[in-house]
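**Student:** Please work out how this folds:
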Amino acid sequence: MKKSCFLQSVIFGTIIIAAVIYLVETKFNEWFLEPGKELVLDEIVSDWTSELSFVNNSAEKDSLKSLLIFYVDKIETLDEVISLDEKSFLKEFGQIIEDSVISKTEISKLTMLMKKELNEKPKSN
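**Tutor:** Presented below is the predicted three-dimensional model:
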């Protein structure tokens with residue numbers, strides 16, 4: 001390969017990589033995160049009754065649904081999506097629905113965990 005061809009390919013490759021990085025950093029939320037959140041929220045709303053039919057119907061079940069919708073709606077960055085499995089809110093959510101009975105104390109505990117995790121979020125400018 002000639003030196004000029006190599007130099008041109010390095011320059012064009014750098015420009016293309018920079019353009020992709022710029023688009024991902026500036027348009028990620030608009031193109032991927034927001035539509036993804038809408039999809040997840042629609043699934044929560046539409047499948048709530050069928051997926052959690054084993055949980056007793058109560059006001060606490062409706063509160064649990066509202067908390068989950070609020071929690072997903074507050075996701076703002078890709079890092080938050082990646083770290084969702086580590087969050088104690090979602091772990092506690094899974095434990096609460098296991099026994100099919102949701103109590104007010106469990107809802108209170110989940111609300112406190114959500115507030116704690118939202119307060120620990122770094123503030124975006």
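**Student:** Near E25, how many other residues are there?
**Tutor:** The number of residues packed around E25, counting by other C-beta atoms under 10 Å, is 9. Yep, even glycine has a C-beta here, placed from its N, CA and C like the rest.
**Student:** Ends of stretch 80-92, what's the gap?
**Tutor:** Stretch 80-92 has its terminal residues 17 Å apart, counting by C-alpha to C-alpha, to the nearest Å.
**Student:** what mean pLDDT does that stretch have?
**Tutor:** Here the mean pLDDT over stretch 80-92 is 71, rounded to a whole number.
**Student:** Quick check: next helix or strand after the lengthiest helix in the chain?
**Tutor:** Among the elements of type helix in the chain, defined by DSSP state H, the one spanning the most residues is helix 3-28. Beyond helix 3-28 in the direction of the C-terminus, DSSP states H and E gives the next helix or strand as helix 34-51.
**Student:** picking up where we left off before, what residues sit buried inside the longest helix of the chain?
**Tutor:** For helix 3-28, burial by neighbour count (16 or more other C-beta atoms under 10 Å) applies to no residue.
**Student:** Taking helix 34-51 as reference, get the angle to it.
**Tutor:** Relative orientation of helix 3-28 versus helix 34-51 (axes from the mean of the first three to the mean of the last three C-alpha atoms, to 10 degrees): 50 degrees.
**Student:** could you dump the strand or helix carrying E117 to CSV, C-alpha only?
**Tutor:** With elements delineated by DSSP H and E, E117 resides in helix 104-120, which encompasses its position. These are the backbone C-alpha positions of helix 104-120, laid out as CSV (Å, rounded to 0.1, in the frame of the first residue of the first chain):
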residue,chain,number,x,y,z
LYS,A,104,-47.7,-1.2,53.0
THR,A,105,-44.4,-1.6,54.8
GLU,A,106,-42.9,-3.2,51.6
ILE,A,107,-44.2,-0.3,49.5
SER,A,108,-42.7,2.2,52.1
LYS,A,109,-39.4,0.4,52.0
LEU,A,110,-39.4,0.4,48.2
THR,A,111,-40.2,4.1,48.1
MET,A,112,-37.3,4.9,50.4
LEU,A,113,-34.9,2.8,48.3
MET,A,114,-36.1,4.7,45.2
LYS,A,115,-35.6,8.1,46.8
LYS,A,116,-32.2,7.0,48.0
GLU,A,117,-31.1,5.9,44.5
LEU,A,118,-32.6,9.0,42.9
ASN,A,119,-30.7,11.2,45.4
GLU,A,120,-27.4,9.3,44.7
